[in-house]
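> give me coordinates for this.
(chains A and B)
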Amino acid sequence: MKKKLVAIILVVNCLSALLAGVVVYGLVFLGGIARQSGQESGVHGSVNSGPAGAGIDFNRKTLMDREKTMRSLDNMKEKLFRLKTDDPLIYTRLPEGEFFKSLISYYLLSRMMSVKAVKLDEEMIRGYKEKGTLLYTLDENYPLMKKSIYVNPSRRAGNSPYIKPGTNIIIIFVESLSKFFLRDDVHGLTGLMPNIKAMERESFAFTDMYNSSFPTIKGLIAALGSTIYLLDENVGGTRIPIPCRFLFLSDIVKALNYTTIHIQSASERFISMKDFFMQRQSYDCFYGSESLAIDNIRNMSGGFGVDDETLFDYVVGWLEKYPGEKPLFLTISTINSHPPFKVKYTIPEAGGNDMLNALYSTDRAFGKFWSYFKKSKYRNNTLLILTADHAMGNNKEYISFVKQFEDHYHPYFDRIPCLLYFPGGALRGVTNNTPCVSLDLTPTLLDMMRLDLANPFMGLSIFSERPFYERQVVKPEEINKDMTPEKIESAKKLLGFYFSLYREDRIVPKDYTVRFH
Amino acid sequence: MKALFDDLWQVLRENREMVLLGVALTMLLSLYFIGWHYTIITFGSFYSVLDVRGPFLALSAYYLAASAVFASIVCALMIAVEKPLPKKIIVGVVMAVFVGSEIIRMFDWGALFFSGMHINNNFWAHAFYTDGLVFLVAKESLALYAVFILLFLGMLRILKKMYAYTTLEK
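Residues are numbered from 1 along each chain as shown, chains lettered A, B, ... in the order given. Coordinates of the predicted model:
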C-alpha cells in the first residue's frame, strides 16, 4: 500500500511538473510570437528586447517608410548597445552555487594561496622600460624600486610650475567622476556640476588624464602611491585588507614635517583602510563614516557612508580648528556618486536619474567647501587638487544616461578631471594637454616640488617625461581579444609577479626611509 | 494489468489529499525556484525572459524535475516514517534547508538587483559592517521579505498537513 502510494505520488508529481513545464514553455513561446509580430508590424522594439532578437528586418516596406526605418535603426542601436554592455546569462545562474563559491573563495582560497616569487623575463622587463617603467634596477627583491623619479634625469623640465615644499596640499578625490560629466557642451546639463566647473575655470588643468585603476582603493593607490595594485579578484582582490606597504605622497611629505590627514565619507573599516593609511602610509589622522557619523547618524541612510555635505562640513570644521603650526597634507574622498547613489539634492534636468542627482549633490557639497576655501586663510598658501578616484562604473544609471552619447561611453576607465588650484589662483586657465594617467600624479607633484628620491613609482612626471612615453589605453572589450596560449601564459606570469610582490610586501624595502637626493 | 490499475486507482482515491499535497509541494517549489529568476530578470535587468529563453527554459526544466523529485522524496519519507518524532525532525530538516535556500536567494536577489552582481567577494567584504545595512531597508528588500515569508508559510502549511494526514491515517 505504502509503496504504491509513493509510486503514485512520484508519477503525479512528475506529471504536474511536466504540465507546469508545458505552461512555462507555452508562455515563453507565445511571448516570442508576440514580440516577433510586434516587430513585423513596425511597433517600436520593446526596450527589453535583446540578443536573441537582435536581427533587424529591413524589408522594402520598412525602408520606404522613413519613420519605421528610423525606429528600426534606433531599435538596432539599442540592442547593439546592450550587447556590448551586459551579460544576461548572469541572471540564469544558480544563486546557491554563486553563494558557496564566493564564500569559499573569500574566506579560504585567498588565505590558502601559496606565494611563489616570480621574476619577469628580459623581454617583459624591456617592454616595461619602453613604457617608462624601470624594473630590477636597484634590488632584485624589490623589483619596482629605482633611484629616481626620472627615467632619464636629464629630461627634468625646468619650466614646470613650482610648488614650494611646505605649501599646504589638499587633494579631493571625487567618487567615479568621469570627465564627461563636466562636458555640459556635450550632454547639455549645464547645471549638473557648476561648482567644479567654477573651480576648473580658476585652475590649472591636466586635460587628458585617464584613471589607471578601478575601483576606489586601487585608484587611491595609483594616484597617491603611483603603483598599480593588481591583486586578482579571485584571490580577494580589493576586498581583503591590503597586505603590503606602498610609498605614498603622504610618506614623502611626512619627511618634510607635514601633518597628514585623510577624511572620507565611506567606512574607515572597509578592508581595514584606516589601519592601512595610518600604520603603513604615515597618516596622522583618518576619519571615515564611523567618525563623521557620530553627530550625523541620520545621514547614514541611502547609500554607503555619510553624505558628502556632511563630509565637507567636517572638512571645513577641521580646517578651521587646525592651528597651522605645520604644513598640511589633506586627502579627501567623496561617496555620493558611488552606487547605491546617495541623493541629497535633485536637478530637474536629471530626469530622475539617481547617478546624475548624486553627482549634483556632491557638486553642491563641494560648492560649500569651495566658497569657504576661497575666503579662508588657506587660499594663498595651499595647492588644492580636484580629481577622481576613477571613472564611473557600468551601472544602469550611467548606461541609461550615456547611451545618448555613445562615443563617450567608457565605463571604468575614462578621462578624469585633474584640476590644480595654485596658491592665490596662479596659473588659472592654463592647461596641459599631455596624454597622461593618474599614476603620474605623485611623480608630477614631486617634480613640481623639485624633490627626487628612490621610489617604486610606475608613473612619470607629466611635465618632464610623460611626453616621451605614449600612454596606452586598452578598452575593456579588447582585454580578452586575440588571447593566444602564449599571451595567456604571459598574463598569468604578470599576475603572479604582482601577487608575490603584494603578498610578500615587496614594493618598498622594510627599512626604507625617505631620503631626498 | 487492469487489476493493478484498479488497485492503484483505489489507492489514489483513498489518498487523494496526500497526492494533492505532493502536487502542491511540487508547484510551490517550482514557483519559488523559477519565480526567483523570472523576477530578477524582469525587475533587475535590462532584459526580458525572452532574451534568455534558451537558458531560462533549460533552467526551468531542471527546477521542475528537481521540485518533483524533492517533493516525492519528502512525501515518501512522511509516508514511510511512522513515529511522530522522526517525522517532526524530517519536517524540521526540510524547513531548515528551505529557509537556508531562501536566505541565500534573498541576499543574492538583492545583490543582483542593487549591484548587478551575484553574491561575490565584494558582498562578503561589505557584509559585516553598518554600511551594508542600507540594502536591508530598501522598499524592494521589504517586498522580497514579504514574498519569502509567504513562501515559508506555504511550505510549512503543506508539511504540517502532510504530517497531520500521515499521522491521522496511522
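> name the helix or strand for B:Glu140, please.
Taking DSSP states H and E as the criterion, B:Glu140 maps to helix B:139-169.
> what are the buried residues along that helix?
By 16 or more other CB atoms under 10 Å in any protein chain shown, the buried positions in helix B:139-169 come out as B:141, B:144, B:147-148, B:151, B:154-155, B:158-159, B:161-163, B:165-166. The C-beta positions use only the backbone N, C-alpha and C, and glycine is treated the same way.
> and for stretch A:430-448?
Buried residues in stretch A:430-448, counted by 16+ other CB under 10 Å: A:432, A:434-448.
> ends of that stretch, how far apart?
In stretch A:430-448, first residue to last residue: 15 Å (CA to CA, to the nearest Å).
> now stretch A:171-185
26 Å.
> same question, stretch A:325-340
End-to-end distance for stretch A:325-340, by CA to CA: 40 Å.
> so for that stretch, what's the average pLDDT?
When pLDDT is averaged over stretch A:325-340, the result is 94.
> and that stretch, how far out from the chain middle?
15 Å (CA atoms, centre = their mean, to the nearest Å).
> can you give me the strands for the stretch 201-350 of chain A?
Residue ranges of the strands in the stretch 201-350 of chain A, as given by DSSP state E, counting those that start in this stretch, are A:204-206, A:209-210, A:259-264, A:285-287, A:328-333.
> let's have these in TSV, adding mean neighbour count and distance to chain B.
TSV is the format used below for the strands of the stretch 201-350 of chain A (neighbours: other CB atoms under 10 Å in any protein chain shown; distance: least, CB to the nearest CB, whole Å):
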stretch	mean neighbour count	distance to chain B
strand A:204-206	23	31
strand A:209-210	24	24
strand A:259-264	24	12
strand A:285-287	18	15
strand A:328-333	24	14
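> out of the ones you listed, nearest to A:Asn380?
Closest approach to A:Asn380 among the strands of the stretch 201-350 of chain A is made by strand A:328-333 (13.8 Å; CB to CB).
> quick one: the helix or strand following the closest one near chain B?
Once strand A:328-333 ends, the next helix or strand along the chain (criterion: DSSP H and E) is helix A:354-375. No: Helix A:354-375 does not reach chain B (CB under 8 Å from any CB of the partner chain); its nearest approach is 11.7 Å.
> residue ranges with poor pLDDT in chain A?
Along chain A, segments meeting pLDDT under 70 span A:39-66, A:68-70, A:72-86, A:109-115, A:231-240, A:293-303, A:475-481.
> helices along chain B, start to end?
B:2-14, B:16-44, B:53-80, B:84-115, B:121-126, B:139-169 (DSSP state H).
> packing partners for the second one?
In this case it means helix B:16-44. If you count contacts as 3 or more CB pairs under 8 Å, 6 or more residues apart in numbering or on different chains; DSSP states H and E, helix B:16-44 packs onto helix A:2-40, helix B:53-80, helix B:84-115, helix B:139-169.
> how much does it deviate in direction from helix B:84-115?
20 degrees (axes from the mean of the first three to the mean of the last three CA atoms, to 10 degrees).
> return the set of buried residues in helix B:16-44.
Within helix B:16-44, judged by 16+ other CB under 10 Å, the buried ones are B:18-19, B:21-34, B:36-41, B:44.
> ok now stretch A:144-159, how far from the chain's centre?
28 Å.
> who touches that stretch?
The contact list for stretch A:144-159 (CB atoms under 8 Å, 6 or more residues apart in numbering or on different chains) reads A:129, A:132, A:134-135, A:137-139, A:227, A:443, A:446-447, A:452-458, A:460-461, A:463-465, A:468-469, A:501, A:507-509, A:517.
> any idea how far apart the tips of that stretch sit?
28 Å.
> take the helices of chain B and lay them out in CSV including mean pLDDT.
Conversion of those to CSV gives the following (pLDDT from 0 to 100):
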stretch, mean pLDDT
helix B:2-14, 85
helix B:16-44, 93
helix B:53-80, 94
helix B:84-115, 91
helix B:121-126, 70
helix B:139-169, 90
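> tell me the buried residues in stretch A:468-476?
Under the neighbour-count criterion of 16+ other CB under 10 Å, stretch A:468-476 has A:469, A:471 buried.
> of the buried residues of stretch A:430-448, closest to B:Val91?
Using CB to CB, A:Ser438 is the member of the buried residues of stretch A:430-448 that lies nearest B:Val91, at 58.3 Å.
> nearest residue to the residue nearest in space to the middle of chain B other than its sequence neighbours?
When CA atoms, centre = their mean is applied to chain B, the residue found nearest the centroid is B:Leu29 (3.5 Å). Counting by CB to CB, 6 or more residues apart in numbering or on different chains, the nearest residue to B:Leu29 once its immediate chain neighbours are dropped is B:Ser67, at 3.8 Å.
> which residues touch the one you found?
Shown in contact with B:Ser67 (CB under 8 Å, 6+ apart): A:13, A:17, B:25-27, B:29-30, B:33.
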